[in-house]
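K.L.:
Structure of the sequence below:
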Amino acid sequence: MRFAHFAHVWGKAGMTPHQRYEQLWREIALCDEVGFDYAFSVEHHFTPGESWMSSPNLFAVAAAARTKRIRVGAMGHVVPLHNPIRLLEEIALTDQLTNGRIEVGLVPGIQDSYFKHFGANFAERREITQEFARFMKSAFQQGSPASWEGALIKVKDLELSVWPVQKPCPPVWMETRDPPTLELCAELGMHSGYFLLFPRKEAHARYGPYLSGWKQHGHAGVPNIAYSTVVYVDETDEIALSRAKADAGNAYKGFFSTGDDWEEIRKKQKETAAYFESRNDPGAGEIILNMLDPDYLIEKDLVLIGAPDTVANKLRAWAKEGSFNTFFGEFNFGDMPEEALMRSIRLFGEHVIPNLRDYEPY
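P.N.:
Numbering: from 1, shown residues only. Purely as a prediction, here's the structure:
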């Protein structure tokens, strides 16, 4: 198995953005020290009461400058918000600045509020993202000069100032549970994954064709399939629950509201749940309706809280049930104090990762 520090880079009361970023670098430096494979951030915009990370390439460069070996990147770039040539340039330059340590995550985006301010195409966001993935891999494989004639991206004789260190292309991820998108991931050799909203018991049927397609297209080894949720590790299960249970219930409150109007929050939860149900995804709808209830999260095994052995045993069982071999742990959530946060990361790195390093669930 492989392990990532995953960060929404939630804003923190009483911290300036600079102070919050400095805390983030301390987290990632410790992850580098204790054996994590990756450090990833989101790309969110216009969310002063939620996420403070709008530029994941800056995150990757700053994180790499403070570490020695951990791989870094976006999870992921909201592709339709970017000029495709500019994004291609930035990815190549970031790979050079990190000396070949980036992983490239690509997402179409789900927040239409981002798109309005950028004047970006929300309706065709999926098509734009998928074409960019093809364009990027083709351009990096061609080298200089590169050309592409697609439905949405057209370029001829492109000369970049720098090209990536990693040949022919840095590793690419597209987290999705959409079957047609998973077909594309299998074709292009892109890693994938899913968030706690997708019930793990449904994952085997969803990702089985992706695993078969990966082999059919002749890609080496097996792909990374990631699972993402919050995690807190402490000396005993009792201590861990007493310190992290309430914070786990608040971890994703910012998805629905940055205030404390619980009537507004509940309305937003119901609207989001109805959207998932309209897509024939009732399991995600149920989780949305309950994801601010810590008792529900713990009862349904949707958050990872406990002593090192408990966390390792749960992850092993989850990985088999949910067909994933990579864990994206969100360690900094809620109002957790830094002392507890750093202890959790160290315990995870020193005791959980070694326990699972040789385990391959598929």
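K.L.:
only C-alpha atoms for contact and neighbour calcs from this point on.
P.N.:
Will do.
K.L.:
After the host helix or strand of residue 320, which helix or strand is next?
P.N.:
Residue 320 belongs to helix 308-322 when assigned by DSSP states H and E. Per DSSP H and E, helix 308-322 leads on to strand 326-330 as the next helix or strand towards the C-terminus.
K.L.:
and that next one, how far from the chain's centre?
P.N.:
Strand 326-330 sits 8 Å away from the centroid of its parent chain (CA atoms, centre = their mean, to the nearest Å).
K.L.:
can you give me the mean pLDDT across it?
P.N.:
Across strand 326-330, pLDDT averages out at 98.
K.L.:
Skip the chain neighbours and tell me the closest residue to residue 149.
P.N.:
Nearest non-adjacent residue to residue 149, counting by CA to CA, 6 or more residues apart in numbering: residue 155, 6.5 Å away.
K.L.:
Against residue 346, how distant is residue 98?
P.N.:
24 Å (CA to CA, to the nearest Å).
K.L.:
what's the angle from the strand or helix carrying residue 205 to helix 308-322?
P.N.:
In the assignment (DSSP H and E), residue 205 maps to helix 203-216. Computed by axes from the mean of the first three to the mean of the last three CA atoms, to 10 degrees, the angle separating helix 203-216 from helix 308-322 equals 70 degrees.
K.L.:
Helix 203-216 - contacts with which helices or strands?
P.N.:
helix 179-188, helix 308-322 (3 or more CA pairs under 8 Å, 6 or more residues apart in numbering; DSSP states H and E).
K.L.:
Is it possible to get CSV of these that adds mean pLDDT, mean neighbour count and distance to residue 164?
P.N.:
Output for the helices and strands packed on helix 203-216, formatted as CSV (pLDDT from 0 to 100; neighbours: other CA atoms under 10 Å; distance: least, CA to CA, whole Å):
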stretch, mean pLDDT, mean neighbour count, distance to residue 164
helix 179-188, 97, 19, 18
helix 308-322, 98, 19, 32
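K.L.:
quick one: which of those is nearest residue 246?
P.N.:
helix 308-322 (18.0 Å; CA to CA).
K.L.:
Would it be right to say that residue 33 lies in a strand?
P.N.:
No: going by DSSP: H, G, I helix; E, B strand; the rest coil, the assignment for residue 33 is helix, not a strand.
K.L.:
Look at it and say how many residues are nearby.
P.N.:
15 (other CA atoms under 10 Å).
K.L.:
I'd like the distance between it and residue 346.
P.N.:
9 Å.
K.L.:
Kindly report the same for residue 40.
P.N.:
With CA to CA as the criterion, residue 40 and residue 346 are 18 Å apart.
K.L.:
So these two - more neighbours on which side?
P.N.:
Applying other CA under 10 Å to residue 40 and residue 346 shows that residue 40 carries more neighbours, namely 27 against 20.
K.L.:
so residue 287 sits right up against residue 252, yeah?
P.N.:
No: applying CA atoms under 8 Å as the test, residue 287 and residue 252 come out as separate, 11.8 Å apart.
K.L.:
Which parts of the stretch 51-200 of the chain are strands?
P.N.:
With DSSP state E, counting those that start in this stretch, the ranges of strands along the stretch 51-200 of the chain come out as 71-78, 102-107, 146-149, 154-158, 172-173, 192-195.
K.L.:
As TSV, those strands with mean pLDDT, distance to residue 239 and mean neighbour count would be great.
P.N.:
Putting those into TSV (pLDDT from 0 to 100; distance: least, CA to CA, whole Å; neighbours: other CA atoms under 10 Å) gives the following:
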stretch	mean pLDDT	distance to residue 239	mean neighbour count
strand 71-78	97	31	26
strand 102-107	98	35	25
strand 146-149	96	56	15
strand 154-158	96	57	12
strand 172-173	98	36	24
strand 192-195	97	26	22
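K.L.:
can you count the residues close to residue 49?
P.N.:
14.
K.L.:
What's the local residue count around the closest residue to residue 231 other than its chain neighbours?
P.N.:
Nearest non-adjacent residue to residue 231, counting by CA to CA, 6+ apart: residue 304, 4.6 Å away. Burial of residue 304 is recorded as 25 neighbouring residues (other CA under 10 Å).
K.L.:
what residues are up against residue 304?
P.N.:
Residues counted as contacts of residue 304 (CA atoms under 8 Å, 6 or more residues apart in numbering) are 229-232, 311, 314.
K.L.:
how does it look with 10 Å?
P.N.:
229-233, 240-241, 244, 248, 297-298, 310-312, 314-315, 329-331 (CA atoms under 10 Å, 6 or more residues apart in numbering).
K.L.:
Just the buried ones among those, please.
P.N.:
229-233, 240-241, 244, 248, 297-298, 310-312, 315, 329-331 (16 or more other CA atoms under 10 Å).
K.L.:
looking just at contacts, which helices and strands does the helix holding residue 320 meet?
P.N.:
helix 203-216, strand 225-233, helix 237-250, strand 304-306, strand 326-330, helix 353-356 (3 or more CA pairs under 10 Å, 6 or more residues apart in numbering; DSSP states H and E).
K.L.:
contact partners of the fifth one?
P.N.:
The contact list for strand 326-330 (CA under 10 Å, 6+ apart) reads 1-9, 37-41, 192-195, 223-232, 251, 303-304, 315, 319, 345, 348, 360-361.
K.L.:
Okay, now the sheet partners of it, with direction.
P.N.:
strand 2-7 (parallel), strand 225-233 (parallel) (DSSP bridges).
K.L.:
Kindly report the same for the shortest one.
P.N.:
Here strand 304-306 has these sheet partners by DSSP bridges: strand 225-233 (parallel).
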